[in-house]
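1. Mind folding the following:
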Amino acid sequence: MRISPRCPSCLLNRVYMEARLSTDNQEKIDKAIEEALKILADEYPKKGINAMIATRMHRKVYEALEDEDPYKGLKDYANRITKEYLSEIKKLIEESEDKFKAAAKASIIANTFDYGVMGHEVKDSTFFDYFREKFNENLKIDNLDVIKQKCKGKVVYLTDNSGEIVVDRLFMEEIKKACERLTVVVRGKPIISDATYEDAIFAGIDEVADEILTNGKGAIGIIESELPEVTRKRIYEADIVIAKGMANYECLSESDLPIAFLLTAKCEPVAKSIGVEVGDMVAMLRLN
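-> Numbering: from 1, shown residues only. Below is the predicted model of the structure:
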């Protein structure tokens, strides 16, 4: 998905947020904004992939802030919140007629743990109330029956946010019941609120997945040129790739891979690209 006119303001909003999370030093904050503006001025006319532009921007901002992980506190908080309610979420799944679909929906609801998206509020302090409300709603796009069938082979699961990954584990457990091999891919380095290997271990993903790999240098989403060889190999030999969240959609929406996009549409450009409204939940299979 290419950058749209709405994206620059959202990207800058996130940069300002992470700068304030990192420091009260006004000079550093000013420098972070200046670096972000330079990259936007350079990249926007090229109309590239939004998540790839964001990756370049946040890496430069982190340098300006001299902070490798401005979101560390928020990520830990999101992980704790979701783990606190994990047993109750699991109970809702166990009581459902189709546990695979219920666990998938749970993971899509947890995709709302995305700090810094302009106009989107993370319901962290009231998460379980929000979760129960959304759990009773239908997905706007629901290809889960076909996705479930495709999960009988080699599955690659591309994770997204911290907090979310704790609930992802419940969906991974359902996938693991049927699949031949489950490969989970996290960010190789901290970037925004996305899950890294540390978050995966906190969530117990190592107890479910056959292997945990990274996307290399910690891009927002997937930048193929940065993928370690083993990660690239697993993705291309997969019978299905489960791609969580908007950044993975932005990077892979034009891909020829067999991909299931599971996400909550949290912004207008992504919602419009998919053909849904902001706030809608989606489990969309693309087979090319």
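2. contacting residues for the closest residue to Val156 other than its chain neighbours?
-> Excluding its sequence neighbours, the residue lying closest to Val156 (Cβ to Cβ, 6 or more residues apart in numbering) is Ala238, at 4.3 Å. Every residue, glycine included, has its C-beta placed from N, CA and C. Going by Cβ atoms under 8 Å, 6 or more residues apart in numbering, Ala238 touches Gly153, Lys154, Val155, Val156, Thr183, Leu257, Pro258.
3. let's go with 10 Å and repeat that
-> Lys150, Gly153, Lys154, Val155, Val156, Tyr157, Cys179, Arg181, Thr183, Leu257, Pro258, Ile259 (Cβ atoms under 10 Å, 6 or more residues apart in numbering).
4. And those, which of them are buried?
-> Among these, the ones that count as buried by 16 or more other Cβ atoms under 10 Å are Lys150, Lys154, Val155, Val156, Tyr157, Cys179, Arg181, Thr183, Leu257, Pro258, Ile259.
5. In JSON lines, list those residues along with pLDDT and secondary structure.
-> Output for the buried ones among the contacts of Ala238, formatted as JSON lines (pLDDT from 0 to 100; DSSP: H, G, I helix; E, B strand; the rest coil):
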{"residue": "Lys150", "pLDDT": "95", "secondary structure": "helix"}
{"residue": "Lys154", "pLDDT": "98", "secondary structure": "strand"}
{"residue": "Val155", "pLDDT": "98", "secondary structure": "strand"}
{"residue": "Val156", "pLDDT": "98", "secondary structure": "strand"}
{"residue": "Tyr157", "pLDDT": "98", "secondary structure": "strand"}
{"residue": "Cys179", "pLDDT": "97", "secondary structure": "coil"}
{"residue": "Arg181", "pLDDT": "98", "secondary structure": "strand"}
{"residue": "Thr183", "pLDDT": "98", "secondary structure": "strand"}
{"residue": "Leu257", "pLDDT": "96", "secondary structure": "coil"}
{"residue": "Pro258", "pLDDT": "97", "secondary structure": "coil"}
{"residue": "Ile259", "pLDDT": "98", "secondary structure": "strand"}
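6. from the contacts of Ala238, which single one is nearest Ala106?
-> Ala106 lies nearest to Tyr157 out of those, by Cβ to Cβ, at 14.3 Å.
7. any idea how far that closest one is from Tyr130?
-> Counting by Cβ to Cβ, to the nearest Å, the separation of Tyr157 from Tyr130 is 24 Å.
8. now swap in Ile53 and tell me
-> 30 Å.
9. Which one's more surrounded, the two?
-> For Ile53 versus Tyr130, neighbours defined as other Cβ atoms under 10 Å are more numerous around Ile53 (24 against 16).
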